[in-house]
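J.: sequence first, predicted model second:
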Amino acid sequence: MEAVKAIGKDADEGTVALTEAESKILLKKYGVPVVEEAVISTVEQAVSKSAVFGFPVVLKGLGTKLTHKTERGLVKLNLASAIEVKNACLEIQNSAGADLEGFLLQPQIQGKREFVAGLFQDEQFGPVVMFGLGGVFTEALQDVVFRIAPFDEIQAEDMMEEIMSSKLLEGFRGESPADKKQLINVLLGLSKLGTERLDIKEVDINPLLVSPDGKVTAVDALVVLNMDNRSAAKRRFAERTPQEIEVLNAALEQMVNAKSIAVIGAMRPRNRGFRGMFGCLKDFGFPGKLYPINPKADEIDGIKTHPSLTSLKKPVDLVIIAVPAPFVPDALRDCVASGSKNVHIFSSGFKETGEEEGLRLQAEIEKIAAEGKLNVIGPNCMGLYVPKSRIVTWVAPPDKSGPVAFITQSGGHSQDFSNYASSHFGIYFSKVISYGNALTMDSTDFLEFFSHDEETKIITMYLEGVKNGRKLLELITRINKEKPVIILKAGLTESGARAVSSHTGSMAGTEKIWSAFFKQSGAIRVNSLEQMAEVSAAFLNAGKVEGRRVAVVGTGGGIGVAAADSCAQLGLDLVSLPAEVTQKLRQFIPPAGNMIRNPIDAHLLFIELELFGKTLEILSESYVDMFIISLQLEWLYNFDNGAQLENVINYIAQKAHNHTGGKPLVVVPRQYSPLPKYVKKRFMMQRILCEAGVPVYSVLPQAVFALAKLAEYYDFQSKHGGHTEQHAAKKMMPSN
């Protein structure tokens, strides 16, 4: 058969499905334990060979077109005699018809536990490996997990632990535990196969049978080849050369530190509303040379205009294009002619419209940019916000700079997140890059740049799509060890189902693959801009977290159940305090009105603050890893008209960290009265604590979520050998 040749070489053209026997020959080369079997041509050979194997046996129809044999009645199990084998051959011949190329005979392998493993090609990430519950339950329950190839033994072990049916891998109903080493070899073999053989379109091993003694055997398999996939993958996952990366990094360095900016399409400032790119730069105090380009005006805001970019007679560090989409191609040609290589295209109306004209225009400007070797941010984006360089393209941004970078495909999010994070948590930014349609530069280029940026300690991202998912995974896995990467991924609701011939691909929706991405890279996953700010605040202001044990200290018994539920849901441990701890605390906290459990409900601690510090000290010795302080603002305010509340706030801001042993401490205020006196104190508390580097969360679940992500990050880095001492060494407070 021609398909047999494909075992040793690539498919010549199009899609080729190997027979089951050929599939197993290939898989065996990659460490998959396959069942002993024989390819049979005649009924007589089947009867003769079954006697050699010993009964019972399994008989299957064999042929490149027979990809769903069970559904067609081409699999006969538990054949216990020669006559049963003969009859099974005749039935298979009748059912398969002209598609039959032979028979496949196997010993009947005994085993109640069936798993599935597979491989398929994803458009964004390339080869992806699947593992999960197999047999008839594969599609019904979809208890499967994924990893992007290549991955290591630790990730393979994680895959086995993550499926809901993982208990079946242990000793079960008198049967031995599954041989996990064999299973790891299967998963690593598929990972290697996917990266070495780019012509592999799909692999489906189902079932992967576990016998009573724990031995693992692949009793059925399908491999589909597609030569077209090799060339497509090479194009899709082509990487920049080191020289190209160096050029792009230098270009971005010049952009964020621009000394001269030209705005093509600069507009006269309005009395109200958006001031335009030029007006925003001028208002923010850009100290370099500003060149408004507008042939219909003599001056804008007191600055002389120029009719075209080429009329400047010299290149500028950054060109911002803000003209209607049909005029952008000519503007880009002017950039090429003037020698100005760094461009931000604010204009929209390109491929994001999904319309024919927008797609045509995008193709045109892409060609101009490529031929002119332009470095383009956009189109359809807000571009750069760099407080230190006084560069911005929107109204009234936060004035300070700080250690957080934000990479976003959404222009609106660049404004919303920087404003929300600064106003609620005192988080400020080194650089924000909004890049829209990613004409020549994508998220991976900005990640590469920020990995070397000394002003950036934390990287936040809003992603809708990505051109090269494999590069994104490689970069984030590397960068995340030193600089935490926090990601909000949008567009995960579509099914992502494919018309494929294997179980593997059809169950691999977009959400599941991105879930694998987060598990492999260790990137911190959030579900909203608000959560991104909440988690960023925890990373900015906390040192290394050693575990998941939480202590909640506050007033009011109602916090207990809420805290326990939130912690349990997010994998934190609201640890029970041992007897020796409660005895120490009881020495200065009387029983009346004070509960010493966890949460600790003790009003006295917030009246006599030295006792509060002593409590934190005892708990931090070896019993907890992080603290949540729950403050009942109205009660504290009413104690003495706000004076004690201010004392508590200042104590937490200035002294509490001296008693926690460097362990994270966050505050959750409880203030529900709308009276102005309470609201005013709450805002005061927020300001003081944020300035002191103490995160303040509106409700308990927000605090628990942020701390859980902190613990999750350090767990991952510890398990996977991440070097996090640089990040953990000190708090990364915002700078001016």
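T.: Everything's here; your move. Note that this is a predicted model, so its numbers are computed, not measured.

J.: what sits against the residue lying closest to K65 once chain neighbours are set aside?
T.: Spatial nearest neighbour of K65, excluding adjacent residues (Cβ to Cβ, 6 or more residues apart in numbering): D99 at 4.4 Å. For every residue, glycine as well, the C-beta is placed using N, CA and C. Going by Cβ atoms under 8 Å, 6 or more residues apart in numbering, D99 touches G61, G63, K65, L66.

J.: can we see that at 7 Å?
T.: By Cβ atoms under 7 Å, 6 or more residues apart in numbering, the contact list for D99 reads G63, K65, L66.

J.: neighbours of the second one, how many?
T.: It stands for K65. 11 (other Cβ atoms under 10 Å).

J.: same thing with the first one?
T.: Number of residues near G63 (other Cβ under 10 Å) recorded here: 22.

J.: now swap in the one 4 residues further on and tell me
T.: By other Cβ under 10 Å, the residues close to T67 number 19.

J.: next: E356.
T.: Residues near E356, counting by other Cβ under 10 Å: 8.

J.: who touches it in this structure?
T.: Counting by Cβ under 7 Å, 6+ apart, E356 has no contacts.

J.: distance check, it against I345.
T.: E356 is 20 Å from I345, where distance means Cβ to Cβ, to the nearest Å.

J.: and for E474?
T.: In terms of Cβ to Cβ, E474 sits 28 Å off from I345.

J.: quick one: the strands in the stretch 401-550 of the chain?
T.: 401-408, 429-434, 458-463, 485-489, 524-526, 549-554 (DSSP state E, counting those that start in this stretch).

J.: name the residue closest to the centre of this structure, please.
T.: Central residue of the chain (Cα atoms, centre = their mean): F518, 3.8 Å from the mean position.

J.: ok, back up a step: quick one: which of the strands of the stretch 401-550 of the chain is nearest W635?
T.: W635 lies closest, by Cβ to Cβ, to one member of the strands of the stretch 401-550 of the chain: strand 549-554, at 10.4 Å.

J.: which secondary structure elements does that closest one contact?
T.: Using 3 or more Cβ pairs under 7 Å, 6 or more residues apart in numbering; DSSP states H and E, the elements in contact with strand 549-554 are helix 559-569, strand 573-574, strand 600-602, strand 626-632.

J.: could you rerun that using 10 Å?
T.: Other helices and strands packing on strand 549-554, by 3 or more Cβ pairs under 10 Å, 6 or more residues apart in numbering; DSSP states H and E, are helix 559-569, strand 573-574, strand 600-602, helix 609-620, strand 626-632, strand 665-670, helix 700-719.

J.: can you check which of these gets nearest to G118?
T.: Comparing the helices and strands packed on strand 549-554 by Cβ to Cβ, helix 700-719 comes nearest, at 25.4 Å.

J.: and that closest one, which residues are buried?
T.: For helix 700-719, the neighbour count (16 or more other Cβ atoms under 10 Å) marks 700-717 as buried.

J.: tell me, how many residues neighbour the residue lying closest to L169 once chain neighbours are set aside?
T.: Excluding the flanking residues, the one nearest L169 by Cβ to Cβ, 6+ apart is A178, at 4.5 Å. Per other Cβ under 10 Å, the neighbour tally for A178 reads 23.

J.: so which residues of the stretch 1-150 of the chain form strands?
T.: 15-17, 38-40, 57-62, 75-79, 102-107, 113-122, 126-133, 144-148.

J.: got the angle between the last one and strand 113-122?
T.: Meaning strand 144-148. Going by axes from the mean of the first three to the mean of the last three Cα atoms, to 10 degrees, strand 144-148 is angled at 40 degrees with respect to strand 113-122.

J.: how big is the angle separating strand 144-148 from strand 126-133?
T.: Using the same axes, to 10 degrees: strand 144-148 against strand 126-133 is 150 degrees.

J.: where in the stretch 401-550 of the chain is pLDDT low?
T.: Scanning the stretch 401-550 of the chain for pLDDT under 70 picks out the ranges 493-509.

J.: ditto for the stretch 151-300 of the chain
T.: Ranges of the stretch 151-300 of the chain meeting pLDDT under 70: 230-231, 233, 269-274.

J.: so which residues of it form strands?
T.: 200-210, 216-218, 221-226, 260-264, 289-293, 299-300.

J.: packing partners of the fourth one?
T.: Same thing as strand 260-264. helix 276-283, strand 289-293, strand 318-321, helix 328-338, strand 342-345.

J.: in JSON lines: those, plus mean neighbour count and distance to L631.
T.: Rendered in JSON lines, the data for the helices and strands packed on strand 260-264 read as follows (neighbours: other Cβ atoms under 10 Å; distance: least, Cβ to Cβ, whole Å):
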{"stretch": "helix 276-283", "mean neighbour count": "23", "distance to L631": "39"}
{"stretch": "strand 289-293", "mean neighbour count": "21", "distance to L631": "48"}
{"stretch": "strand 318-321", "mean neighbour count": "28", "distance to L631": "46"}
{"stretch": "helix 328-338", "mean neighbour count": "20", "distance to L631": "54"}
{"stretch": "strand 342-345", "mean neighbour count": "28", "distance to L631": "45"}
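
J.: out of these, nearest to E114?
T.: strand 342-345 (54.1 Å).

J.: neighbouring strands of that closest one in the sheet, and parallel or not?
T.: strand 318-321 (parallel), strand 375-377 (parallel) (DSSP bridges).

J.: rebuild those as JSON lines, extending it with distance to V696.
T.: Conversion of these to JSON lines gives the following (distance: least, Cβ to Cβ, whole Å):
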{"stretch": "strand 318-321", "distance to V696": "37"}
{"stretch": "strand 375-377", "distance to V696": "34"}
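
J.: kindly reformat the ones you listed as TSV containing distance to A564 and mean pLDDT.
T.: Below are the strands paired with strand 342-345 laid out as TSV (distance: least, Cβ to Cβ, whole Å; pLDDT from 0 to 100):
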stretch	distance to A564	mean pLDDT
strand 318-321	53	98
strand 375-377	47	98
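
J.: so which of those comes closest to G134?
T.: Nearest of the strands paired with strand 342-345 (Cβ to Cβ): strand 375-377, 47.1 Å.

J.: which residues sit against that closest one?
T.: With contacts defined as Cβ atoms under 10 Å, 6 or more residues apart in numbering, strand 375-377 is touched by 247-248, 250-252, 254-255, 318-321, 332, 335, 341-346, 365-366, 368-370, 383-384, 433-441, 445-446.

J.: tell me the helix or strand right after that strand.
T.: Next along the chain after strand 375-377, taking DSSP states H and E as the criterion, comes strand 383-385.

J.: re earlier: quick one, which of the strands of the stretch 401-550 of the chain is nearest to S414?
T.: strand 429-434 (4.2 Å).

J.: which strands and helices sit next to that closest one?
T.: If contacts are counted by 3+ Cβ pairs under 10 Å, 6+ apart, strand 429-434 sits against helix 242-256, strand 383-385, strand 401-408, helix 411-425, helix 443-451, strand 458-463.

J.: that older thread, let's have the strands of the stretch 401-550 of the chain in CSV, adding distance to S566 and mean neighbour count.
T.: CSV is the format used below for the strands of the stretch 401-550 of the chain (distance: least, Cβ to Cβ, whole Å; neighbours: other Cβ atoms under 10 Å):
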stretch, distance to S566, mean neighbour count
strand 401-408, 26, 26
strand 429-434, 29, 26
strand 458-463, 23, 24
strand 485-489, 20, 23
strand 524-526, 16, 22
strand 549-554, 9, 24
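
J.: dump the ones you listed to CSV, plus distance to L312.
T.: Formatted as CSV, the strands of the stretch 401-550 of the chain follow (distance: least, Cβ to Cβ, whole Å):
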stretch, distance to L312
strand 401-408, 29
strand 429-434, 25
strand 458-463, 35
strand 485-489, 39
strand 524-526, 43
strand 549-554, 60
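
J.: ok, R478 - how many residues close by?
T.: The burial count for R478: 15, using other Cβ under 10 Å.
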